[in-house]
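1. After the sequence you'll find the predicted model.
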Amino acid sequence: MHITILGATGATGRHLTEQALERGHTVVALARDPARITLPNSTNLTTVAADVFDASSIARAVVPGTTVISGLGVAKGATGTLEAGARAMIDAQPDRIIWLGAYGTGTSADHAGALTRWLLRAVMGNELSDKVSADSAVIRAGGTVFHAGPLTNKGLASGWRVADLHAAPRRLFPATISRATVAAAMLTEAETHKFPGTTVIPLKR
């Protein structure tokens, strides 16, 4: 499979890139500064300079037949990055988009509960509306949005599953999950196409 990774230098993007290569996929890793993509040389890896605020740079990087997987995040106080990234990717017309969001925002807000919603509004501020807008655009385009709980840097979980929103367990606070596990779940969705046009939750078993 031909996979394009958006936000490849980020903490989750690095896992996505590494695991995609381990699975034998052909990977185009996008970053504003590709020199920061510090992975061993591979004939299956191409690094490309691209900026979500320059839609033409994204369009040039997305080849026909590709699946885009986004680990894109935003710096504190930055706004508009995620929506710009989503729109640039949609305009580039890949086969599929798999997008990383946050549990408790947008479509998963009601499932997460009032306390989680309050905390996210307090912590994320203006970034929250950017995230919700990006998720909505991806879903309307037929992509899959992963709403993960708080992310950790632990290793890949020994077992995990992907659930739709209605199957998400009710908790006072969302369960943590490692970036490596979320990356594995997103890549499996890219391979299997089980949840197009919807929001899903990656969970440890």
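-> That came through, no problem.
2. centroid residue for the chain?
-> Nearest to the mean C-alpha position of the chain, by CA atoms, centre = their mean, lies L100 at 2.4 Å.
3. Can you give me every residue that contacts that residue?
-> L100 is in contact with T12, S70, G71, L72, G73, V145, F146, A148, V182, M186, counting by CB atoms under 8 Å, 6 or more residues apart in numbering. C-beta: built from backbone N, CA, C; applies to glycine.
4. Can you tell me which of these has the most neighbours?
-> Using other CB atoms under 10 Å as the neighbour criterion, S70 leads these with 31 neighbours.
5. what packs against the least confident helix or strand in the chain by mean pLDDT?
-> Ranked by mean pLDDT, DSSP states H and E, the weakest helix or strand in the chain is helix 114-124, scoring a mean of 80. Secondary-structure packing of helix 114-124 (3 or more CB pairs under 8 Å, 6 or more residues apart in numbering; DSSP states H and E): helix 127-140.
6. buried set for the helix it packs on?
-> 127-139 (16 or more other CB atoms under 10 Å).
7. D54: which of those is nearest?
-> A134 (16.9 Å; CB to CB).
8. Identify the residues contacting the closest one.
-> Taking CB under 8 Å, 6+ apart, one finds L82, E83, G85, A86, W99, G101 in contact with A134.
9. Roughly how far does it sit from H25?
-> Distance of A134 to H25, computed by CB to CB, to the nearest Å: 24 Å.
10. now do V145
-> Taking CB to CB, one finds V145 at 21 Å from H25.
11. quick one, strands of the protein?
-> 2-6, 26-31, 45-49, 67-70, 96-102, 144-148, 151-152, 160-164, 177-178, 198-204 (DSSP state E).
12. What's opposite V162 in the beta bridge?
-> P202 (DSSP bridges).
13. Just among the contacts of A134, which is most surrounded?
-> Ranked by the number of neighbours (other CB under 10 Å), the contacts of A134 place A86 first, at 30 neighbours.
14. Not counting its neighbours along the chain, what's nearest that one?
-> Nearest non-adjacent residue to A86, counting by CB to CB, 6 or more residues apart in numbering: A134, 4.0 Å away.
15. Pull up the gap between that neighbour and L128, please.
-> From A134 across to L128, the span is 11 Å (CB to CB).
16. Does A8 touch A31 like I think?
-> Yes: using CB atoms under 8 Å, A8 is in contact with A31, at 5.0 Å.
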